[in-house]
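A.B. asks: got a sequence here, can you build the structure:
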Amino acid sequence: MESYHLKRGQVYAPCGQPEDAVARYVRIVRPGGKRVRIADAATGRREREVDVNRLHEFPTRNGVERRTGYFLVETREWLWDLTDRALRKYPYTISSTSLGQDVSRGGFVRLEQGPAVEAVRILVATLEAAAWTVEPATTHIDELRVRFQGKNRCPSMYVAPGDGRQYCTRWRGHSDEHQDDLTLYQ
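C.D. replies: Purely as a prediction, here's the structure:
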């Protein structure tokens with residue numbers, strides 16, 4: 001099996017699970033040869049090793065749904081599921097999300113006007129437990145800046161006219177300066 005798609009931090013959902021069941025997402029902690037170290041995506045607990053053949057790029061094979069293993073999901077899809085489950089008692093707390101393909105660049109969660117304080121606390125606690133950094137946005141009062149594994153990433157932000165806000169994807173303490181948008185897009 002080709003393991004070109006296996007990278008640290010990728011999130012996987014279980015195959016062959018009933019639609020009404022709560023998905024137990026896992027994420028790759030440490031990729032390696034024939035075995036990969038995974039953990040519960042939301043908590044980082046239950047770290048264990050699995051064979052690379054159990055991690056699939058797609059939920060189907062030749063049009064047939066897989067019954068065993070895990071399939072790759074976009075990290076933002078996992079974020080949506082995570083927030084939906086956490087905010088069941090407060091269903092209209094989030095009005096929209098802005099998250100790109102690369103979640104290490106960060107994104108925003110726009111809240112409905114005047115959300116319940118308890119709902120915001122639940123949202124922040126849930127995301128932080130799942131390795132997301134959550135902080136108030138500086139541009140809008142009803143927006144939260146979210147970033148997957150953001151505590152380890154450079155906090156620099158670049159605002160481009162008409163292009164939105166981008167964050168440096170490099171690790172904290174990198175030696176390059178942010179003199180132009182080139183360092184923020186590499």
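A.B. asks: so what's the spatially most central residue of the chain up against?
C.D. replies: When CA atoms, centre = their mean is applied to the chain, the residue found nearest the centroid is residue 75 (3.8 Å). Residue 75 sits next to 9-11, 103, 148 when contact means CB atoms under 8 Å, 6 or more residues apart in numbering. Every residue, glycine included, has its C-beta placed from N, CA and C.
A.B. asks: among the residues you listed, which lie within strands?
C.D. replies: 11, 148 (DSSP state E).
A.B. asks: just checking: the least confident one among the contacts of residue 75 is which?
C.D. replies: Within the set of those, pLDDT is lowest for residue 103 (66).
A.B. asks: can you confirm residue 84 is in a helix?
C.D. replies: Yes. Under DSSP: H, G, I helix; E, B strand; the rest coil, residue 84 sits within a helix.
A.B. asks: if I look at it, how far off is residue 170?
C.D. replies: The spacing between residue 84 and residue 170, counted by CB to CB, to the nearest Å, is 31 Å.
A.B. asks: more neighbours: the two, which one.
C.D. replies: Shown here are residue 84 and residue 170; by other CB atoms under 10 Å, residue 170 has more neighbours (17 against 11).
A.B. asks: show the pLDDT at the closest residue to the more buried one other than its chain neighbours.
C.D. replies: In this structure, residue 170 finds its nearest non-sequential neighbour in residue 154, 5.0 Å apart by CB to CB, 6 or more residues apart in numbering. Residue 154 is assigned 73 on the pLDDT scale.
A.B. asks: now do residue 162
C.D. replies: 57.
A.B. asks: likewise for the one 4 residues further on?
C.D. replies: Residue-level confidence at residue 166 comes out at 64, pLDDT.
A.B. asks: can you check residue 122 too?
C.D. replies: For residue 122, the predicted pLDDT is 87.
A.B. asks: wait, a helix at it?
C.D. replies: Yes. Per three-state DSSP, residue 122 lies within a helix segment.
A.B. asks: any figure for the gap between it and residue 93?
C.D. replies: Distance check for residue 122 against residue 93: by CB to CB, it reads 9 Å.
A.B. asks: overlap in contacts, these two.
C.D. replies: residue 87.
A.B. asks: run me through the strand neighbours of the helix or strand hosting residue 146, direction for each.
C.D. replies: In this structure, residue 146 sits in strand 143-148 according to DSSP states H and E. Sheet pairing of strand 143-148 (DSSP bridges) gives strand 107-111 (antiparallel), strand 132-136 (antiparallel).
A.B. asks: okay then, goodbye and thanks.
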